[in-house]
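Peer 1: quick one, what's the 3D model for this:
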Amino acid sequence: LGVEGTQTATFSLAIDDSMEENGCLRYVVGSQIKKELRPHVPLSSNRDEGHALTIELRPEDVVKLAPASRGSVTIHDEYV
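Peer 2: Below you'll find the predicted structure:
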């Protein structure tokens, strides 16, 4: 696709309200500062059950939620 390395951005459009109850985006506070890519693993056992990914949290990690109302767009790079 012409992209070298991990120089990408993700745009997510909320087609419904995306809240804690139905799995809104979560991020580790400060993860963009260290520029360290952590291995992601599927949250479900297969793609038919879901497409969500997760990471192994470290004791010092602080996780924040990023709820989005229907029609909202979130944009982030690979470090968030």
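Peer 1: okay, CA-based contacts and neighbour counts for the rest of this
Peer 2: Fine.
Peer 1: so what's Glu78 up against?
Peer 2: With contacts defined as Cα atoms under 8 Å, 6 or more residues apart in numbering, Glu78 is in contact with 6-10, 37.
Peer 1: please disregard the earlier target; I meant Leu43.
Peer 2: Shown in contact with Leu43 (Cα under 8 Å, 6+ apart): 50-54.
Peer 1: run the last query once more with 7 Å
Peer 2: Contact analysis of Leu43 by Cα atoms under 7 Å, 6 or more residues apart in numbering lists 52-54.
Peer 1: contacts for stretch 16-30, please.
Peer 2: In contact with stretch 16-30 (Cα under 7 Å, 6+ apart) are residues 61-70, 80.
Peer 1: quick revisit: just give me the least confident of the contacts of Glu78.
Peer 2: pLDDT across these is at its lowest for Thr6, which sits at 68.
Peer 1: once you drop chain neighbours, what's closest to Pro42?
Peer 2: Nearest residue to Pro42 in three dimensions, chain neighbours excluded: Leu53, at 4.4 Å (Cα to Cα, 6 or more residues apart in numbering).
Peer 1: what count of nearby residues applies to the one you found?
Peer 2: By other Cα atoms under 10 Å, the residues close to Leu53 number 11.
Peer 1: just the helices in the protein please.
Peer 2: According to DSSP state H, the chain carries its helices in the segments 31-34.
Peer 1: what residue ranges in it score low on pLDDT?
Peer 2: 1-3, 6 (pLDDT under 70).
Peer 1: quick one: the most centrally placed residue in it from Gly5, how far?
Peer 2: The centre of the chain sits closest to Leu25, judged by Cα atoms, centre = their mean, with a distance of 5.3 Å. Leu25 sits 24 Å away from Gly5 when distances are taken as Cα to Cα, to the nearest Å.
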